[in-house]
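> Provided below for reference: sequence and predicted model.
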Amino acid sequence: MKTPHALDTIIGYHAHIYFKDAAERAVAETLRAQIGERFRVQLGRWHDRLVGPHARPMYQVAFEVDQFAAFVPWLMINRAGLTILVHPDTRHPRQDHLVNALWFGEVLPILNVEQLPVSTVGEPDETITPNTTPTLAA
Ligand code: ZN
C-alpha cells in the first residue's frame with residue numbers, strides 16, 4: 001500500500017471565493033469584510049475576469065495552516081450561498097486543485113489544467129503575509 005502523505009506536506013491554504021453576477025459580488029464584498037475583521041489572512045485582489053484555473057470571477061484568501069481550524073468552519077456557516085474552493089498548498093498545484101480540493105456549494109470545473117505545474121518542489125514557496133487586522137472574535 002502507498003504510504004499516506006504526512007500532514008506537514010501542507011504548507012498553507014487558499015480559499016477562492018467565487019461570484020457569478022453583480023448580486024453575488026455584493027455578497028462576496030460583505031463576506032470579504034467579515035473575514036478581514038475576524039481572521040489573520042492575506043486577502044487577494046479582486047479578479048472580475050477569469051484567471052488561471054478558475055471558472056468564475058473570484059478573489060483569493062491565502063492563510064496559514066494554523067488558521068484552518070477556525071477559518072474553514074466559519075466559512076462553512078457564513079458563505080451565504082457562495083461557491084468556495086479551499087485547497088492546500090502541497091507544492092503540487094495540479095493535484096491540489098484537482099484532487100485535494102474541498103468545495104462548498106457547487107463543484108466548478110478547473111480550467112487550463114495544463115498550466116498548473118505538477119510540482120513546484122525546489123522552487124521558492126509562496127509567502128503568505130496576512131494583510132488583515134482582526135478586531136472581532138470569530
Ligand atoms: Zn489557489
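Arrived safely, thanks for sending.
> burial of the residue nearest to residue 76 when sequence neighbours are not counted, as a residue count?
Excluding its sequence neighbours, the residue lying closest to residue 76 (CB to CB, 6 or more residues apart in numbering) is residue 104, at 6.5 Å. In this view, the C-beta of every residue, glycine as well, is placed from N, C-alpha and C. By other CB atoms under 10 Å, the residues close to residue 104 number 18.
> Residue 104 touches residue 79, doesn't it?
Yes - here residue 104 lies in contact with residue 79, judged by CB atoms under 8 Å, at a distance of 5.4 Å.
> how near is the residue most central in space within the chain to residue 6?
Geometric centre of the chain, nearest residue: residue 15, 1.6 Å, by CA atoms, centre = their mean. Taking CB to CB, to the nearest Å as the measure, residue 15 falls 23 Å from residue 6.
> which residue ranges form the helices in the chain?
With DSSP state H as the criterion, the chain has helices at 22-38, 68-78, 93-98.
> Which secondary structure elements does the last one sit against?
Counting contacts by 3 or more CB pairs under 8 Å, 6 or more residues apart in numbering; DSSP states H and E, helix 93-98 is packed against strand 84-89.
> then the strand it packs on to PDB, C-alphas only?
Output in PDB follows, covering the C-alpha atoms of strand 84-89 (Å, rounded to 0.1, in the frame of the first residue of the first chain):
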ATOM      1  CA  ILE A  84     -15.900  28.400  -2.500                       C
ATOM      2  CA  LEU A  85     -12.900  26.300  -3.300                       C
ATOM      3  CA  VAL A  86     -10.500  25.500  -0.400                       C
ATOM      4  CA  HIS A  87      -7.300  23.900  -1.500                       C
ATOM      5  CA  PRO A  88      -4.000  23.100   0.300                       C
ATOM      6  CA  ASP A  89      -0.500  24.100  -1.000                       C
END
